[in-house]
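S.K.: coordinates only, no sequence provided:
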């Protein structure tokens, strides 16, 4: 069966732009005009376009709904100068773990898609897997820090002789490194999109 290149192109496009909404924030006052819940709406659409090629993607639908609804509710709370972050620590921890698993499995499926359609010798699948692993490590570290230090930057490493300024610098460095990995993941998805020409090649 001939692959539906247009549908695959659209699905990967939606996924790539989804991570733009997830990784970049532009605030007008306390309101983020690039809300995270849009990420999950786009990923929902991407899953619908791509699950014909990767059936495991369909299993991520319930988790996509859960994360999208939570992010949407939190965004609505910020309009009224509230927040859901930190209000329910066990729920925050559960959602952090769910989010880590969701994105890990999603990029595993993207890597399989790349393996199937990438040009010979491209190795885009391996790059996606390496970046997926790096992202998982950063997300896990930030989730642990966010759970243990809800006041953000106002922490020192327990039992450490590091000055608070150095601890803050290390945290900023980790955040910048995590942003670098996120940007490379998004660019890799745009590269994966090129594997699906809008018109099927003639034989």
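M.R.: Arrived safely. Everything numeric here is computed off the predicted structure, so don't read it as measured data.
S.K.: quick one, strands of the protein?
M.R.: 27-28, 31-32 (DSSP state E).
S.K.: need these in TSV with distance to residue 82 and mean neighbour count, can you?
M.R.: Bear in mind the C-beta positions are built from the backbone N, C-alpha and C, glycine included. Formatted as TSV, these follow (distance: least, C-beta to C-beta, whole Å; neighbours: other C-beta atoms under 10 Å):
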stretch	distance to residue 82	mean neighbour count
strand 27-28	15	8
strand 31-32	12	15
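S.K.: how about those in CSV, adding mean pLDDT and distance to residue 13?
M.R.: Below are these laid out as CSV (pLDDT from 0 to 100; distance: least, C-beta to C-beta, whole Å):
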stretch, mean pLDDT, distance to residue 13
strand 27-28, 85, 26
strand 31-32, 86, 22
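S.K.: make a markdown table out of the ones you listed and add distance to residue 18.
M.R.: Below are the strands of the chain laid out as a markdown table (distance: least, C-beta to C-beta, whole Å):
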| stretch | distance to residue 18 |
| --- | --- |
| strand 27-28 | 19 |
| strand 31-32 | 15 |
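S.K.: which one of these lies closest to residue 49?
M.R.: Closest approach to residue 49 among the strands of the chain (C-beta to C-beta): strand 31-32, 26.1 Å.
S.K.: for the closest one, which outside residues touch it?
M.R.: 25, 26, 75, 78, 79 (C-beta atoms under 8 Å, 6 or more residues apart in numbering).
S.K.: paired strands for that strand, with orientation please.
M.R.: strand 27-28 (antiparallel) (DSSP bridges).
S.K.: what about the strand it pairs with, distance to the chain center?
M.R.: The chain centre lies 21 Å from the centre of strand 27-28; the measure is C-alpha atoms, centre = their mean, to the nearest Å.
S.K.: now, of the contacts of strand 31-32, which are buried?
M.R.: Buried members of those, counted by 16 or more other C-beta atoms under 10 Å: 75, 78.
S.K.: re the thing from before, so which of the strands of the chain is nearest residue 8?
M.R.: For those, the distance to residue 8 is smallest for strand 31-32, at 30.2 Å, taking C-beta to C-beta.
S.K.: from the chain's centre, how far out does that closest one sit?
M.R.: 19 Å.
S.K.: among the strands of the chain, which comes closest to residue 198?
M.R.: Among these, strand 31-32 comes nearest to residue 198, with 32.5 Å by C-beta to C-beta.
S.K.: tally of neighbours for residue 22?
M.R.: 22 (other C-beta atoms under 10 Å).
S.K.: could you give me the buried positions within stretch 186-201?
M.R.: In stretch 186-201, the ones that count as buried by 16+ other C-beta under 10 Å are 186, 188, 189, 191, 192, 193, 195, 196.
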